[in-house]
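> return atomic coordinates for the entry below.
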Amino acid sequence: MSTASTSWFAWTSTLLTGCLLTVVAAQALDKAPLRDRWTVEETATLASMRLKEAGPRPVDPSNSWEQRADAAALGRALFNDTRLSKNGQVACTSCHSADKQFQDGRQFGQGIGIGKRRTMPVMGAAHSPFFFWDGRKDSAWSQALGPFEDAAEHGANRVRLVKFVQAHYKDRYQAVFGTMPDLEKLPDDASPAGTPSEQAAWAAMPEAGREAVNRVFANMGKSIAAFERNISYGESRFDRYAEATVAGDGRGQDVLSQQEVRGLRLFLTKGQCVTCHNGPLLTDHAFHNTGIPPINPASPDRGRADGLRKLLRDEFNCLGRYSDARPDQCGELQFLATNDPGQLAAFRTPSLRNVAERAPYMHAGQFTSVEQVVEHYARSPKAVLGHSELAQPGEKHADRQAIQLSAADIQDLAAFLATLTGPVVQAK
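Reported below is the predicted structural model:
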């Protein structure tokens with residue numbers, strides 16, 4: 001069991017006594033009796049899944065600027081600026097659109113080219129220890145940097161990006177981060193991740209020049225992360241139901257239909273969804289191989305296994321020179337298991353909040369509906385690459401039992417998942 005899962009079970013158990021006392025006290029007051037009965041353990045689990053249990057946004061020690069309003073304002077401008085791309089037509093908002101749940105509704109991300117994976121939303125990013133489907137980044141600010149130099153996304157190069165910020169955002173940048181370095185003598189196009197000519201130009205630059213460019217580049221990411229930090233999920237009908245149940249408010253439970261409640265019971269029991277989709281954001285923030293069919297079976301995506309290596313090599317990770325964190329504040333990075341075979345073809349557990357509004361699903365948009373996703377877990381097919389964590393019918397499995405769902409169960413689960421939809425909250 002992962003550390004995240006262990007923490008969740010420990011956290012849930014601490015709520016048991018409190019939930020029992022709350023429900024008993026509520027029943028003693030003038031409130032309608034509960035329409036739907038839950039055990040004390042189930043009530044504690046429902047309590048732990050309420051959005052308010054997420055608490056304040058965690059502070060990222062690797063980004064000293066994330067709580068500054070001027071940094072967020074600069075980040076918002078950079079997030080929406082199409083000029084930060086090779087063709088002048090792609091911005092962060094091209095794939096993370098505010099009117100589409102801060103994603104794009106496409107099977108594959110589309111910038112100046114077509115990517116290989118589904119775009120993930122940015123809501124709740126402040127609570128995530130890892131980013132992208134393969135977890136190759138460990139902070140929101142380092143994640144923001146990747147697309148700028150990706151050939152299928154922005155397709156830009158590091159020096160040109162930094163010179164653009166100097167030309168168009170110098171005053172705003174300096175108000176946040178201080179004096180900008182002199183970039184005049186540097187080539188216009190150079191990057192360690194660009195074309196062969198751009199890489200050669202980067203290698204020919206003096207070390208001080210590369211350091212100056214990297215520092216400004218990192219700060220671009222830190223300002224974008226400051227903006228994204230203020231984008232979050234709002235409460236859903238499920239949250240109101242869970243709150244009513246914990247409070248012993250029978251009338252409040254009417255916010256969910258009987259079918260939706262049946263789906264919730266399945267979610268907590270034989271559907272086994274809560275195993276990975278737990279806590280207030282309905283994710284364990286971990287990586288799992290669940291036998292999702294690859295787009296290209298001849299060359300399946302290796303997922304976390306490759307992402308882990310990229311993370312450890314990343315100069316912009318928590319332990320890198322551009323991080324503001326002390327080494328002891330980078331525990332997630334220092335204690336990663338690098339030889340875990342379970343990481344092969346494993347992908348990050350996405351939040352289920354607002355999931356009904358975010359088709360298609362899985363890391364490469366393999367499924368077009370929530371029902372198809374649930375059907376996949378009910379079938380529990382073997383993995384093409386690596387080993388699926390899902391139990392097969394008749395298999396003796398250490399941690400799971402085979403998921404057995406009827407057609408009606410699948411519809412009930414899909415109905416419940418729709419209750420997780422709430423507003424996207426964005427600070428003004």
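
> what pLDDT does the closest residue to G263 other than its chain neighbours get?
Spatial nearest neighbour of G263, chain neighbours left out: F416 (2.8 Å); criterion: Cβ to Cβ, 6 or more residues apart in numbering. Heads up, the C-betas are built off the backbone N, CA and C, glycines and all. With respect to pLDDT, F416 scores 98.

> okay, now F416: neighbour count?
28 (other Cβ atoms under 10 Å).

> and the one 4 residues further on, by the same measure?
Using other Cβ under 10 Å, L420 has 23 neighbouring residues.

> and it, helix, strand or coil?
State at L420, reduced to three classes by DSSP: H, G, I helix; E, B strand; the rest coil: coil.

> gap between G263 and G342?
Per Cβ to Cβ, to the nearest Å, G263 is found 29 Å from G342.

> okay, those two: which has more neighbours?
G263 (26 against 16).

> thought the more buried one was touching D412?
Yes: using Cβ atoms under 8 Å, G263 is in contact with D412, at 4.0 Å.

> quickly list what's touching both of the two.
Common neighbours of G263 and D412 are not found (criterion: Cβ atoms under 8 Å, 6 or more residues apart in numbering).

> can you give me the strands in the stretch 101-250 of the chain?
231-233 (DSSP state E, counting those that start in this stretch).

> just the helices in it please.
Applying DSSP state H, counting those that start in this stretch to the stretch 101-250 of the chain gives helices spanning 140-149, 158-177, 196-204, 207-228, 237-247.

> out of the ones you listed, which one sits most buried?
Most buried of these by mean neighbour count (mean count of other Cβ atoms under 10 Å) is helix 140-149; its value is a mean of 25.

> mind exporting it as CSV, just the C-alpha atoms?
C-alpha atoms of helix 140-149 as CSV (Å, rounded to 0.1, in the frame of the first residue of the first chain):
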residue,chain,number,x,y,z
ALA,A,140,3.5,23.4,-10.5
TRP,A,141,6.2,25.8,-11.6
SER,A,142,8.5,23.2,-13.1
GLN,A,143,5.5,21.6,-14.8
ALA,A,144,4.6,25.0,-16.4
LEU,A,145,8.1,25.1,-18.1
GLY,A,146,7.8,21.8,-20.0
PRO,A,147,5.3,22.7,-22.6
PHE,A,148,7.2,25.9,-23.6
GLU,A,149,10.0,23.8,-25.2
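
> state the mean pLDDT of stretch 379-399.
Here the average pLDDT along stretch 379-399 is 87.

> mean pLDDT and distance to A286 for the helices of the stretch 101-250 of the chain - can I get that in TSV?
Formatted as TSV, the helices of the stretch 101-250 of the chain follow (pLDDT from 0 to 100; distance: least, Cβ to Cβ, whole Å):
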stretch	mean pLDDT	distance to A286
helix 140-149	98	17
helix 158-177	98	32
helix 196-204	97	35
helix 207-228	98	22
helix 237-247	98	22
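
> distance to Y322 for those helices - can I get that in JSON lines?
Below are these laid out as JSON lines (distance: least, Cβ to Cβ, whole Å):
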{"stretch": "helix 140-149", "distance to Y322": "8"}
{"stretch": "helix 158-177", "distance to Y322": "12"}
{"stretch": "helix 196-204", "distance to Y322": "16"}
{"stretch": "helix 207-228", "distance to Y322": "4"}
{"stretch": "helix 237-247", "distance to Y322": "38"}
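
> among those helices, which is nearest T349?
Closest of the helices of the stretch 101-250 of the chain to T349 is helix 140-149, at 16.6 Å (criterion: Cβ to Cβ).

> which other helices and strands contact the closest one?
helix 92-95, helix 158-177, helix 207-228 (3 or more Cβ pairs under 8 Å, 6 or more residues apart in numbering; DSSP states H and E).

> residues near Q253, how many?
The local packing of Q253 (other Cβ under 10 Å) involves 22 other residues.

> so what's it up against?
L34, R35, D36, Y241, A244, T245, V261.

> what of L281?
With contact set as Cβ under 8 Å, 6+ apart, L281 has these partners: L51, A54, G124, H127, Y233, S351, R353.

> so which of the helices of the stretch 101-250 of the chain gets nearest N317?
Closest to N317 of the helices of the stretch 101-250 of the chain, according to Cβ to Cβ: helix 140-149, at 6.4 Å.

> what's the angle from the closest one to helix 207-228?
Helix 140-149 and helix 207-228 are oriented at 110 degrees to each other (axes from the mean of the first three to the mean of the last three Cα atoms, to 10 degrees).

> and for helix 140-149, what's in contact with it?
60, 62-63, 66, 84, 92, 95, 111, 122, 125-126, 128, 131-132, 136-137, 153-158, 161, 191, 193-194, 217-218, 220-222, 224-225, 228-229, 314, 316-317.

> go on, stretch 50-59?
Outside stretch 50-59, the residues touching it (Cβ under 8 Å, 6+ apart) are 47, 66-67, 124, 126-127, 229, 232-236, 239, 242-243, 246, 279-281, 353, 422.

> returning to what we had before: quick check on the contacts of helix 140-149: which are buried?
60, 62-63, 66, 84, 92, 95, 111, 122, 125-126, 128, 131-132, 136-137, 153-158, 161, 191, 194, 217-218, 220-222, 224-225, 228-229, 314, 316-317 (16 or more other Cβ atoms under 10 Å).

> any low-confidence regions in the protein?
Residues of the chain meeting the criterion pLDDT under 70: 1-30, 398.

> rerun at 50
Along the chain, segments meeting pLDDT under 50 span 1-3, 5, 8-9, 11, 17, 21, 23-29.

> sec struct for D70, please.
Using three-state DSSP, the three-state assignment for D70 comes out as helix.

> can you tell me how far it is from K31?
Distance from D70 to K31, by Cβ to Cβ: 48 Å.

> please name the residues that touch the residue nearest to R158 when sequence neighbours are not counted.
Spatial nearest neighbour of R158, chain neighbours left out: S191 (4.1 Å); criterion: Cβ to Cβ, 6+ apart. Taking Cβ under 8 Å, 6+ apart, we find S191 in contact with E149, N157, R158, V159, E198, Q199, W202.

> lovely, talk soon.
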